[in-house]
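**Student:** Any chance you could fold what I've pasted below:
(chains A, B, C and D)
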Amino acid sequence: MAKLEVDEALVRKLAQLLTETGLTEIEYETGEQRIRVNRHAAAAPVAAAAATAPAAATPSAASEGPPAGAVTSPMVGTCYLSSEPGGAPFVKVGDRVSKGQTILIIEAMKVMNPIPAPTAGTVREIAVEDGRPVEYGETLLVIN
Amino acid sequence: MAKLEVDEALVRKLAQLLTETGLTEIEYETGEQRIRVNRHAAAAPVAAAAATAPAAATPSAASEGPPAGAVTSPMVGTCYLSSEPGGAPFVKVGDRVSKGQTILIIEAMKVMNPIPAPTAGTVREIAVEDGRPVEYGETLLVIN
Amino acid sequence: MFEKVLIANRGEIALRIHRACREMGIRTVAVHSTADADAMHVRLADEAVCIGPPPSRQSYLNVPAILSAATIAGADAIHPGIGFLSENAEFAAMVEEHGFAFIGPEPAHIRLMGDKVAAKDAARSLGIPVVPGSDGAIADDVEAMDLADRIGYPVLVKAAAGGGGKGMKVAQARGEMAEALALARAEAKANFGNDAVYLEKYLSHPRHIEIQILADAHGNVVHLGERDCSLQRRHQKLLEEAPSPALNASQRRQIGELATGAMRRLGYRSAGTIEFLYQDGEFYFIEMNTRLQVEHPVSEMITGIDLVREQIRVATGAPLDFRQEDVTFTGHAIECRINAENPVTFAPSPGRITDYHAPGGLGVRVDSALYSGYKVPPNYDSLIAKLVVHGNTRNECLMRLRRTLEEFVIGGVETSIPLHRRLVTAADFINGDYDIRWLEKFVQPQS
Amino acid sequence: MFEKVLIANRGEIALRIHRACREMGIRTVAVHSTADADAMHVRLADEAVCIGPPPSRQSYLNVPAILSAATIAGADAIHPGIGFLSENAEFAAMVEEHGFAFIGPEPAHIRLMGDKVAAKDAARSLGIPVVPGSDGAIADDVEAMDLADRIGYPVLVKAAAGGGGKGMKVAQARGEMAEALALARAEAKANFGNDAVYLEKYLSHPRHIEIQILADAHGNVVHLGERDCSLQRRHQKLLEEAPSPALNASQRRQIGELATGAMRRLGYRSAGTIEFLYQDGEFYFIEMNTRLQVEHPVSEMITGIDLVREQIRVATGAPLDFRQEDVTFTGHAIECRINAENPVTFAPSPGRITDYHAPGGLGVRVDSALYSGYKVPPNYDSLIAKLVVHGNTRNECLMRLRRTLEEFVIGGVETSIPLHRRLVTAADFINGDYDIRWLEKFVQPQS
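**Tutor:** Sure thing, here's the model as predicted:
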């Protein structure tokens, strides 16, 4: 296996966040990377960054609800923000969208699935990047 | 191994005691018998009356302190309330005792060890029976 | 060797597969429903992908989602585990079409053994004994009686269109045949509108004995002996042991050679299990499972062979690195399936695990994805732990099993542990004297 | 067979003995200090007797209290475990005088091996090789050089009254002898007021290899092969493995036969371990432990023999029911000693266990008396768990060990798990290339 590289600055930043917010744990996962910092038990087990042993009764981020107005992914796949590579994005932050308007595309098993806006509103945030994989239930963007 | 006989009435009685007193656990041990009732976890494991599996964070009775004025056994052995079989007991409930007066005898390794009263006072309770084994730390009698 | 394996399953078997991968230096991808975001295999895997909501159809049975997850994670191979898509020939084919290795048999063999009639025909043509009987509906009483004489009494008259025990009659001797045929036909007519019946040898007290097969893509086939899975309730196995208390070494070798010969002729690859009914020294084919079985650990415990590792190895195209003569059988192993259910009513009992403490020590193996604080979701199978115990003799194994059942603590949900504690003190079980109907009687509430 | 055994110990080894008893149908009596009222073996035992306050001297070393407890509980036999009274010949003798069986060797053999000088003499007379050297103080330089020529360089000049490394000098060749002798004599004089020195062969890179012995009261002696316990820090073993990466089958048989022959001549009974330094193909006796060892599970894992069960059986007077040729060695086993201590500073870390989750699966054994909510008392040894892993090969065993160390969760106290995780990825360890000094360097803080 490849040599593990640890982003020290990121660890320090999250450690400070724990202090500032009074949280006991922060877990963060993107693509193949996952980091979990915890100030709960003195000897919290961390075998490797990617192989975190189960800690009792600490629900991961995935089990918490998405923010209000979030549009979540209805499937696993690859997310595209425009209809062709390099093309104009379907929506940008600040755009007004109408209900049913295509806001992005998710490719799954070589099929392009247009994702419609569930409600009319203003795009407050785009939570995904073009060409990046998305999981089921992952927040794609926020409209309100 | 001998067949296990469960005293159902005793179990019911302890169960009721739990309810009345608001306790979560009662453990009771005399000689070779031990019973533990627990209303903490829904599925508290009881393999056999005498082989209670460890339940998380439920301290047994042994780790709680003895009552005020209790004289506890300084050794393991067999307890005798009189100096000879059938003889008059050293003390009875209600007796006044003076400090240093022998209150009972504990036989350990064929040696008779007189146990003196640690303080002067009145015998409120005799917690052991003549000829019965006692553990270290077990309450022998209560003086105040 | 594979770099990265996607585990298309959940629970203890997903953890089992993860463990085998880790021990081979293979990275793992867990896929999970939203209900399993906190599952142990998800936490331990190198990567995790949420593939859908709790219902299995939308997650663990969702083929496009699983294949998309494999694509975006860049997996080389997919292990289907047990249940879910593990015996779905179309899934296996799609996995291969999408360029992933399927850790299991060829789709054609999954398909063949998934069709009960075709499987029985295949078994017969491969030389595996099946329950003797009429090949189809019988024409008349004379044909029926002649056939019954040949296969031997007792025989079972069964409605051809039947099911659920309706239109089924046993004839103990020739004299009972006319009545059995008449009654079965009448019930068949009344229940299914069709009075066609067929004959089968009736097994009054069979055991369920199955042979573990392991085969590579180069024609090498070995067996790891048998498992006795007769302790069943409503066709759900509760406790399995190996070797069977009913077989001796020569019977073991005989049925093992028969099974490996048949699989060699079939060209089978990967792990598989041939299930038999066994009575009075004879084996009768029931079905073949073209996947890992829940009870595979008992075979691992007596042979020292890691079945999941071997599944993965042969899926890479590697040949088995041992032959039948290298497989040795040591001691005795028993597995208890511990379910989250009431041990008397068998009502499911999902919920949060308040205490979890597995037994340890010599000869003890626990396969479980539970941990203190884990919430057993209500959406899936109730199997939460497998307690597997090994001993040098069956008696040592039984004593160890009793000891470990005393030590096992699972709080917060009801479990089958109390039933297992009762079972291991039952004289018939201790004597190995049980058949496939024994447990149903044992679990019946005492009146 | 005994009806009831008193376990005169605590912690994981008390639980280990309890388990063996339960599996033999023997009732158990736990004795414990007030600090251990909630210990797992106390909770699981058939009976428990509190024998004193936390200090060991007043409880686990309190002979009258333990014998009184055995009397009032009506025990047949006492198992002393490891440490505490297990190598106290007077205790063993008193146990027998009071009419209980002592589950261990004869008191005379405990006494003999407890005296380091007598033990070395006994070993020599039993034909066990010892480190060659002068039998006592050497008279002059000429005698010293003649002797050094005979035993071979390098040699160690040691203060006869010495200790703690003072008055110790190594001479690599004859030319260095005069200076080494002079310096050692001067240091000896300065430190101990006595300039007598003696000579010993110097071992620059020895391994610690020990042979597990099992003997009955009828002259039957077998060995269960060796354990390599070279990974030590301040004479505390951290990880043990069997077989040793340094021995081959013929060396194993040779030292095994030598050890069993010696024990047969001695008339030894019960389990015992002969410890050697091993270098360049030669074994040198260090000492014999007349008791069970912490690392006994690795021998159990490769032989399938339950050492505690056998100790109990031979204590009843039963003969061993297997011979040397019945002992087979299968695969490889490694034990990690998990201590409640800081993995860098080695400062003890007692306290309440907030989370406890032991790894499971194939080939994994955990011997631990921990549970969630248990409080590790500050009064005793810091060993809290033993992770023992078996694999068909050393490499498989190492991969499994790495996997299980990832899964092991002990929260609330600091443990040596992070050190073990680091150790299993160290190239020297993976290659089996280590001696008794290797670990000291490995654990030194990187500068």
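
**Student:** What count of nearby residues applies to the nearest residue to residue C:412 once chain neighbours are set aside?
**Tutor:** Nearest residue to residue C:412 in three dimensions, chain neighbours excluded: residue C:354, at 3.7 Å (Cβ to Cβ, 6 or more residues apart in numbering or on different chains). The way it works is simple: take the backbone N, C-alpha and C, and place the C-beta from them, glycine included. Residues within reach of residue C:354, counting by other Cβ atoms under 10 Å in any protein chain shown, total 21.

**Student:** Show the pLDDT at residue C:354.
**Tutor:** Taken from the predicted model, the pLDDT recorded for residue C:354 is 94.

**Student:** So it is in contact with residue C:370, correct?
**Tutor:** No: the pair formed by residue C:354 and residue C:370 falls short of the contact definition of Cβ atoms under 8 Å, at 11.2 Å.

**Student:** Would you mind giving the secondary structure of residue C:239?
**Tutor:** Each residue gets one of three states, and residue C:239 gets strand by DSSP: H, G, I helix; E, B strand; the rest coil.

**Student:** Kindly state the pLDDT recorded for whichever residue of chain C sits closest to chain A?
**Tutor:** Using Cβ to the nearest Cβ, residue C:373 is the residue of chain C that sits closest to chain A, at 2.9 Å. At residue C:373 the predicted local confidence, pLDDT, stands at 93.

**Student:** correct me, but it touches residue C:411?
**Tutor:** No: between residue C:373 and residue C:411 there is no contact, the gap being 11.1 Å when judged by Cβ under 8 Å.

**Student:** what residues are shared contacts of the two?
**Tutor:** Counting by Cβ atoms under 8 Å, 6 or more residues apart in numbering or on different chains, the shared contacts of residue C:373 and residue C:411 are residue C:353.

**Student:** Apart from its neighbours in sequence, what residue is nearest residue C:141?
**Tutor:** Spatial nearest neighbour of residue C:141, excluding adjacent residues (Cβ to Cβ, 6+ apart): residue C:181 at 5.6 Å.

**Student:** Around that neighbour, count how many other residues there are.
**Tutor:** When neighbours are counted by other Cβ under 10 Å, residue C:181 comes out with 22.

**Student:** With residue C:249 instead?
**Tutor:** Residue C:249 has 10 neighbouring residues, counting by other Cβ under 10 Å.

**Student:** In three-state terms, how would the residue with the largest distance to the centre of chain C be classified?
**Tutor:** When each C-alpha in chain C is compared with the mean C-alpha position (Cα atoms, centre = their mean), residue C:142 comes out farthest, at 39.7 Å. Classification of residue C:142 by three-state DSSP places it in helix.

**Student:** Distance check, it against residue C:174.
**Tutor:** To residue C:174, residue C:142 is 12 Å away according to Cβ to Cβ, to the nearest Å.

**Student:** do the same with residue C:33
**Tutor:** If you measure residue C:33 against residue C:174 using Cβ to Cβ, the figure is 57 Å.

**Student:** try residue C:363
**Tutor:** Distance from residue C:363 to residue C:174, by Cβ to Cβ: 52 Å.

**Student:** And those two? Which one has more around it.
**Tutor:** When residue C:363 and residue C:174 are compared for neighbours, residue C:363 comes out ahead with 26 against 12, by other Cβ under 10 Å.

**Student:** What's the per-residue pLDDT of that one here?
**Tutor:** Each residue has a pLDDT score; the one for residue C:363 is 97.

**Student:** wait, residue A:98 sits on residue A:118?
**Tutor:** No: Residue A:98 lies out of contact with residue A:118 (Cβ under 8 Å); the separation is 11.2 Å.
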